[in-house]
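J.: here are the coordinates; sequence isn't available:
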């Protein structure tokens with residue numbers, strides 16, 4: 001008789017149960033080997049998407065951060081030259097921010113079109129999309145210049161301090177000249193991003209920003225024989241750097257062997273009414289969505305201007321700081337849009353869902369990490385830009401509100417770009433209208449002006465509007481994914 005220990009008996013029972021597939025616990029609590037493999041695969045898939053999003057997103061973020069540093073440099077140099085010039089720059093930058101966001105949003109319509117063609121391997125068609133995209137961008141720049149001309153002619157009727165008008169007009173004029181070059185450069189930037197070469201855009205942006213900072217020093221302060229132009233010098237430097245970035249982006253596209261297939265089809269393509277309409281159909285909703293979102297922040301500059309020069313200067317400082325969060329979020333979210341458009345082109349809905357969730361994970365983590373130093377340094381922030389204790393105190397209070405709205409801002413950035421990547425952009429206009437025009441802007445006026453809470457009331461409306469937008473984008477994104485899963489097609493369907 002074989003003598004076995006209790007441990008051996010128990011081990012034999014376990015082995016027999018496994019061979020006969022007899023569960024040792026209720027089925028609802030049992031994870032099969034297949035389920036474990038799927039779970040491990042999902043974890044690996046998320047890790048893959050984290051890597052891909054970061055590899056695409058970090059160059060975009062670096063380029064965006066370069067733009068933020070440029071904004072810091074502009075504000076810092078102008079602020080130390082003159083507080084009056086800082087207030088005038090705040091007003092003009094508020095108006096220009098809306099225009100530039102409209103231009104950028106219009107170019108974002110190219111991302112899903114190029115990305116889906118790239119995902120399907122139809123690269124020879126991308127040149128036609130680019131040519132018609134540039135034509136549409138040119139028309140857009142003409143429209144935006146018309147709007148800016150109306151603002152220029154009526155700037156004295158917008159309720160700003162009279163002493164700022166002689167500084168505002170020339171600074172606004174030189175910014176207007178650069179608008180077409182911004183539209184053209186943005187189109188090429190979206191092309192480079194959509195095919196996965198986000199580093200190219202990063203290098204061009206960084207080079208342009210360095211040139212702008214050097215130009216600021218030379219033209220604002222006028223060292224040596226150069227004239228001291230102050231705020232006008234900052235505007236001229238910005239205009240010249242924007243022209244340079246477009247010329248470099250165009251030259252690389254047309255000359256580099258790496259983009260030969262695209263440049264050849266670009267030369268051979270003809271302007272097409274149908275293709276032009278398709279680009280416009282994709283681009284204008286995104287442009288209007290981003291314009292209304294920007295208006296929730298930028299038009300508050302007009303409201304803050306009613307509170308006085310000091311409040312307006314503090315508002316400009318905090319808008320510049322808030323761009324740190326937004327640009328980083330939007331860099332990752334732009335990578336989400338690129339990858340979503342790629343998976344729509346490949347009709348891979350599972351990975352489409354996964355990459356969007358991975359993008360939101362990264363954005364939430366970034367928001368938590370960046371909020372810590374911003375909170376700890378809130379009392380010093382104002383002094384970085386201007387030697388004024390009142391401005392620094394206002395900035396310290398507004399920083400707390402800025403941190404509160406980061407979740408809503410990150411959510412709406414991620415899911416708006418994911419929705420853009422699917423090519424289903426029409427709902428974005430309605431969502432932005434509800435969240436920013438019907439909710440955020442009226443709340444800013446009600447709390448800040450009507451109820452008398454000042455700049456704190458104006459900024460207090462931002463968390464509400466951004467969270468409403470984030471939830472609505474998430475809902476519409478899920479609906480669009482469900483439609484694609486049940487046989488729907490992306491734009492430019494094969």
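T.: Thanks, I have it. None of the values given here were measured: they were computed from a predicted structure.
J.: Next SSE downstream of the helix or strand residue 138 falls within?
T.: For residue 138, the enclosing helix or strand under DSSP states H and E is helix 126-153. Next in sequence after helix 126-153, counting helices and strands by DSSP H and E, comes helix 165-177.
J.: contacts for that following helix?
T.: 84-85, 88-89, 91-92, 95-96, 145, 148-149, 151-152, 155-156, 160, 230-232, 234-236, 238-239 (Cβ atoms under 8 Å, 6 or more residues apart in numbering). Placement of C-beta: from N, CA and C, glycine included.
J.: what about burial for those residues, which qualify?
T.: When neighbours are counted using 16 or more other Cβ atoms under 10 Å, these contain these buried positions: 84-85, 88-89, 91-92, 95-96, 148, 151, 155, 160, 230-232, 234-236, 238-239.
J.: where are the low-confidence patches of the stretch 51-200 of the chain?
T.: Of all residues in the stretch 51-200 of the chain, those with pLDDT under 70 make up the ranges 67-72.
J.: One more pass at 80, please.
T.: Applying pLDDT under 80 to the stretch 51-200 of the chain picks out residues 63-76, 80, 83, 90, 94, 97-98, 159-161.
J.: And for the stretch 301-450 of the chain?
T.: Low-confidence segments of the stretch 301-450 of the chain (pLDDT under 80): 301, 316, 320, 323-327, 384-387.
J.: who touches residue 141 in this structure?
T.: Contacts here follow Cβ under 8 Å, 6+ apart; on that basis residue 141 touches 103, 179-180, 182-184.
J.: Which ones among those residues lie within helices?
T.: Among the contacts of residue 141, DSSP state H puts 103, 179-180, 182-184 in helices.
J.: can you redo those residues as a markdown table with distance to residue 414 and neighbour count?
T.: Converted to a markdown table, the ones in helices among the contacts of residue 141 look like this (distance: Cβ to Cβ, whole Å; neighbours: other Cβ atoms under 10 Å):
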| residue | distance to residue 414 | neighbour count |
| --- | --- | --- |
| 103 | 22 | 26 |
| 179 | 29 | 23 |
| 180 | 31 | 20 |
| 182 | 25 | 23 |
| 183 | 26 | 26 |
| 184 | 28 | 24 |
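J.: Out of those residues, which comes closest to residue 424?
T.: The nearest member of those to residue 424, counting by Cβ to Cβ, is residue 103 at 22.2 Å.
J.: these two touch, right, the closest one and residue 180?
T.: No: judged on Cβ atoms under 8 Å, residue 103 makes no contact with residue 180 at a distance of 9.2 Å.
J.: measure the residue nearest to residue 364 when sequence neighbours are not counted to residue 332 for me?
T.: If you skip the residues right next to it in sequence, residue 364 has residue 410 as its closest partner in space, 6.0 Å away by Cβ to Cβ, 6 or more residues apart in numbering. Going from residue 410 to residue 332 by Cβ to Cβ, to the nearest Å gives 9 Å.
J.: Return every residue with contacts to both of these two.
T.: Applying Cβ under 8 Å, 6+ apart, one finds that residue 410 and residue 332 are jointly contacted by 363, 366.
J.: Now do the SS call for the residue most central in space within the chain.
T.: Using Cα atoms, centre = their mean, the residue of the chain that lies closest to the mean C-alpha position is residue 330, 3.3 Å off. Under the three-state scheme (DSSP: H, G, I helix; E, B strand; the rest coil), the conformation of residue 330 reads as helix.
J.: How many residues are close by the closest residue to it other than its chain neighbours?
T.: Distance criterion Cβ to Cβ, 6+ apart; nearest residue to residue 330, sequence neighbours excluded, is residue 413 at 5.5 Å. By the criterion of other Cβ atoms under 10 Å, residue 413 has 28 neighbours.
J.: Which strand or helix spans residue 413?
T.: Per DSSP H and E: residue 413 is located in helix 406-422.
J.: Quick one: list the elements packing against that helix.
T.: Packed against helix 406-422, as judged by 3 or more Cβ pairs under 8 Å, 6 or more residues apart in numbering; DSSP states H and E, are the following elements: helix 110-119, helix 273-298, helix 309-346, helix 349-376, helix 426-432, helix 462-485.
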